[in-house]
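*Asks:* I would like the atomic coordinates for the input below:
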Amino acid sequence: MMHSARGRGLRWAAVLLAVPALGLFDRPVSAQEIDKRVLEAEKKRIAAIDKARPSVVAVISGGGSGVLISEDGYALTNFHVVAAAPPVMKCGLPDGQLYDAVLVGLDKIGDVSVIKLLPKKPGQKFPYAALGDSDKCRAGDWSLAMGNPFLLSTDFTPTVTFGLISGVGRYQYPEGGMYEYTDCIQIDTSINPGNSGGPLFNMDGELIGINGRGSFDKRGGINSGVGYAISINQIKNFLGHLKAGLFVDHASLGATVRSDFEETFASKVIVNALIDSDASRRGLRVDDLLLSFSGRKMTSVNAFKNTLGTFPRGWRVPLTFRRENEKGATEDYSILVRLMGYERQEIKSGKPEDNPTPGGPGPRPAPAVPKGDAAKYYEAKPGFANYYFNKTARDRLLAEFKKNAGDFAKLRGNWGFAGKAEMGDKKRPVSAEVRITDNRGKEGKLDEVLGIFDAIDWRVEPLTAGAGAELRSPPDSGGLLVALYHYRQFLAFGEEGFKQEFIHGGVEPFYLPPPESGKPDFKALRRDCEVIRTNLAGVPAKWYFHDGLLAGFEVSVERDEDPCEVYLSDYKDIGDGRKMPHTMQVRFADKNYATLTVKADGYKLEPGK
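*Replies:* So this is what the prediction gives:
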């Protein structure tokens, strides 16, 4: 009895010592109060587990884990979980049922994949986890990991572990060009083989990361107390691309940086080298001091890599840098930078080994043709994880636009509009007229675009490949006439008008034109838009949709140069249920070329076949 009583006393002493260490109390408390508050903390923890558990997925085909993020069955997991699995796979949920699932999108660099579980009956809604804000995570916060370690969840009920967030903003170097973990969350919450792709939750049951890497004992493969989760805020940036069935590419800046340590050990991030890139065109130079990147302070190379790695190729992000002039004074500059890609994109030859797809180095083996009812949700196409979902996303977006702006499919003849323009430094309005002549079927003739600005005529044949400077007309516009021809093709012909490419391009930030003076507030100017990517006669374009309408587009008539940017606003009815923008702001190389205002009856859109 003495031994038993002594044991109970030691246990109570341990509780008394441990509770203040957990931060539950900041004053001496009685045994009764300890019991009450410990029970309340336990109750909250169990409630978070009960809230999150139904969303946890056992990825049977890949031997890993996942988590549902929408009621229609979209789920996150690791790329390395599904990399060797067939495109149609089996997944289990805590309801004890086995579901068919299909691959949707892949991010091999960031080690993320989106899959979609298929309902067993029409209208079935899946339980899903709410997405948290991983930027709010701090070292010392509690976290919950759930999943399928060592494939123990044979009844699909996930294993739950509980532990600390050990660090944030960690960087894990890539392995063979893959699995680069940037800005990731370090945890001592136990994860083991089989937990890969599973969720990391905060104590409110919100999803803050996807578990993927860990440090393991070499002999037993057991976690040694260090695990890493991909932050959910990084995944949010790629989610639009992944749900559109794409292989995604991460970003590079087109510049290398170094840390410059002072005596105080505070670090400065200095531009070390530049290549031909948008960053250099926007004015970034060697020896410039980076102050912030996408709103985050740059204090080290690690901070730079962590921030850069959270963005997809092609995104535009704000960057602030400081430069010292010849007199020793400093000045700060804020710019928007288009990010380059992480993976090599150039086609070097006709040899397959020289032409890697966005899915990985070298030719990817053709996936096995799936069988069964789920097979109808998978369509193989080079450059896509699953082309079925890209077509679905593209057609949904275009149907929404048609509902809001009308159907232009019968207007395939000549187009024109007239109005006024304020051009560059000319603040006075000048006359503006654009005519697009359709010459299809006329032997030896190509379509033509005529632009008349301030009584000066400019004419181009937009389908002439390699026309060089002619396609950039008018001068300093970046190719406005070609851009307007693409606009007519997009509205009137849709996919039929772009034989080379007409795909959903995911989600990107779109920035409204900044004011001509003063420091731009890029956060206020940003609109997150779904994107359609097109290519016509070797000229690529991006089309940005917001709130069901086309907010703007950019057309690149010359590779590795700035595009012509057209911003659309002031939509008005033009008859027959159609709406067209009556204000077009045209920018090139961060400068306003013109603001075009179309007259009330200025659109002349002719029918054609």
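
*Asks:* where does the stretch 251-400 of the chain dip in pLDDT?
*Replies:* The stretch 251-400 of the chain contains residues with pLDDT under 70 at 262-266, 344-371.

*Asks:* For it, which segments are assigned as helices?
*Replies:* Listed in chain order, the helices of the stretch 251-400 of the chain (DSSP state H, counting those that start in this stretch) span residues 278-281, 301-308, 387-405.

*Asks:* Redo these as CSV? Include mean neighbour count.
*Replies:* Every C-beta, even on glycine, is put in place using the N, C-alpha and C of the backbone. What follows is the helices of the stretch 251-400 of the chain, written out as CSV (neighbours: other Cβ atoms under 10 Å):
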stretch, mean neighbour count
helix 278-281, 19
helix 301-308, 20
helix 387-405, 18
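
*Asks:* Same list, those, but as JSON lines with distance to residue 418 please.
*Replies:* As requested, the helices of the stretch 251-400 of the chain are arranged in JSON lines below (distance: least, Cβ to Cβ, whole Å):
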{"stretch": "helix 278-281", "distance to residue 418": "33"}
{"stretch": "helix 301-308", "distance to residue 418": "45"}
{"stretch": "helix 387-405", "distance to residue 418": "21"}
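
*Asks:* how is the chain carved up into domains?
*Replies:* The chain breaks down into these structural domains: 2-52, 134-234, 251-341, 405-605 (assignment by automatic domain parsing).

*Asks:* what's the closest of these to residue 74?
*Replies:* Among the domains of the chain, domain 134-234 comes nearest to residue 74, with 12.5 Å by Cβ to Cβ.

*Asks:* Pull up the distance across the closest one, start to finish.
*Replies:* 9 Å (Cα to Cα, to the nearest Å).

*Asks:* Please apply the same query to stretch 169-181.
*Replies:* For stretch 169-181, the first and last residues are 10 Å from each other (Cα to Cα).

*Asks:* Same check on stretch 550-562?
*Replies:* Stretch 550-562 stretches 21 Å from its first residue to its last (Cα to Cα).

*Asks:* That one: which residues count as buried?
*Replies:* Neighbour-count burial for stretch 550-562 flags 550-557, 561-562 (criterion: 16 or more other Cβ atoms under 10 Å).

*Asks:* quick check, nearest of those to residue 34?
*Replies:* residue 551 (57.7 Å).

*Asks:* which SS state does the residue nearest to that closest one when sequence neighbours are not counted fall under?
*Replies:* In space, and not counting its chain neighbours, residue 551 is closest to residue 544: 4.9 Å by Cβ to Cβ, 6 or more residues apart in numbering. Following DSSP: H, G, I helix; E, B strand; the rest coil, residue 544 is assigned to strand.

*Asks:* shouldn't residue 544 be in contact with residue 506?
*Replies:* No: with contact defined as Cβ atoms under 8 Å, residue 544 does not count as touching residue 506 (11.5 Å).

*Asks:* Thought residue 115 was touching residue 78, still the case?
*Replies:* No: counting by Cβ under 8 Å, residue 78 does not reach residue 115; the two are 10.7 Å apart.

*Asks:* So for these two, which residue has more residues nearby?
*Replies:* Counting neighbours by other Cβ atoms under 10 Å for residue 78 and for residue 115 shows that residue 115 has the greater number, 31 against 27.

*Asks:* Residues contacting the helix or strand that contains the more buried one, please?
*Replies:* Assigned by DSSP states H and E, residue 115 falls within strand 112-117. The list of residues contacting strand 112-117 from outside it, by Cβ atoms under 8 Å, 6 or more residues apart in numbering, reads 57, 59, 66, 68, 72-79, 81-82, 89, 91, 93, 99-107, 126, 197, 210, 230, 235, 238-239, 242-243, 377, 385, 389.

*Asks:* rerun that using 6 Å as the cut-off
*Replies:* Strand 112-117 is contacted by residues 73-75, 77, 79, 82, 91, 99, 101-106, 235, 242-243 when judged by Cβ atoms under 6 Å, 6 or more residues apart in numbering.

*Asks:* And for stretch 394-406?
*Replies:* Applying Cβ under 6 Å, 6+ apart, the set of residues contacting stretch 394-406 is 504, 530, 545, 548-549, 577-579.

*Asks:* Report the buried members of those residues.
*Replies:* Buried by 16+ other Cβ under 10 Å: 504, 530, 545, 549, 578, out of the contacts of stretch 394-406.

*Asks:* Am I right that the first one is in a strand?
*Replies:* Right, the one you point to is residue 504. Yes: assigned with three-state DSSP, residue 504 falls within a strand.

*Asks:* Take stretch 495-505, keep the C-alpha atoms, and write them as CSV.
*Replies:* Extracted in CSV, the C-alpha atoms of stretch 495-505 (Å, rounded to 0.1, in the frame of the first residue of the first chain):
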residue,chain,number,x,y,z
GLU,A,495,-11.1,26.4,-79.1
GLU,A,496,-11.5,26.2,-82.9
GLY,A,497,-9.6,29.4,-83.3
PHE,A,498,-6.5,28.2,-81.5
LYS,A,499,-5.2,24.9,-82.9
GLN,A,500,-1.9,24.9,-81.1
GLU,A,501,-3.2,25.3,-77.5
PHE,A,502,-6.4,26.1,-75.8
ILE,A,503,-6.3,24.9,-72.2
HIS,A,504,-7.2,25.8,-68.6
GLY,A,505,-4.1,27.3,-67.0
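
*Asks:* And the contacts of it?
*Replies:* With contacts defined as Cβ under 6 Å, 6+ apart, stretch 495-505 is touched by 244, 390, 393-394, 489, 531, 533-536.

*Asks:* Whichever of these end up buried, select them in ChimeraX.
*Replies:* Only the buried entries of these go into this ChimeraX selection, using 16+ other Cβ under 10 Å:
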select :244,390,393,394,489,531,533,534,535,536
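
*Asks:* And the strands in the stretch 151-300 of the chain?
*Replies:* Per DSSP state E, counting those that start in this stretch, the stretch 151-300 of the chain carries strands over the ranges 159-172, 181-187, 199-201, 207-216, 223-231, 251-252, 255-261, 267-274, 289-293, 296-297.

*Asks:* export these to JSON lines and tack on distance to residue 608 and mean neighbour count?
*Replies:* Below are the strands of the stretch 151-300 of the chain laid out as JSON lines (distance: least, Cβ to Cβ, whole Å; neighbours: other Cβ atoms under 10 Å):
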{"stretch": "strand 159-172", "distance to residue 608": "56", "mean neighbour count": "18"}
{"stretch": "strand 181-187", "distance to residue 608": "50", "mean neighbour count": "25"}
{"stretch": "strand 199-201", "distance to residue 608": "54", "mean neighbour count": "31"}
{"stretch": "strand 207-216", "distance to residue 608": "51", "mean neighbour count": "24"}
{"stretch": "strand 223-231", "distance to residue 608": "50", "mean neighbour count": "22"}
{"stretch": "strand 251-252", "distance to residue 608": "41", "mean neighbour count": "20"}
{"stretch": "strand 255-261", "distance to residue 608": "48", "mean neighbour count": "16"}
{"stretch": "strand 267-274", "distance to residue 608": "48", "mean neighbour count": "17"}
{"stretch": "strand 289-293", "distance to residue 608": "48", "mean neighbour count": "19"}
{"stretch": "strand 296-297", "distance to residue 608": "51", "mean neighbour count": "14"}
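
*Asks:* The ones you listed into TSV, with extra columns for distance to residue 316?
*Replies:* Shown next, in TSV, are the strands of the stretch 151-300 of the chain (distance: least, Cβ to Cβ, whole Å):
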stretch	distance to residue 316
strand 159-172	23
strand 181-187	19
strand 199-201	30
strand 207-216	26
strand 223-231	21
strand 251-252	10
strand 255-261	15
strand 267-274	18
strand 289-293	12
strand 296-297	16
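
*Asks:* just so I know, which of those lies nearest residue 589?
*Replies:* Of all the strands of the stretch 151-300 of the chain, strand 267-274 sits nearest to residue 589, with 17.1 Å by Cβ to Cβ.
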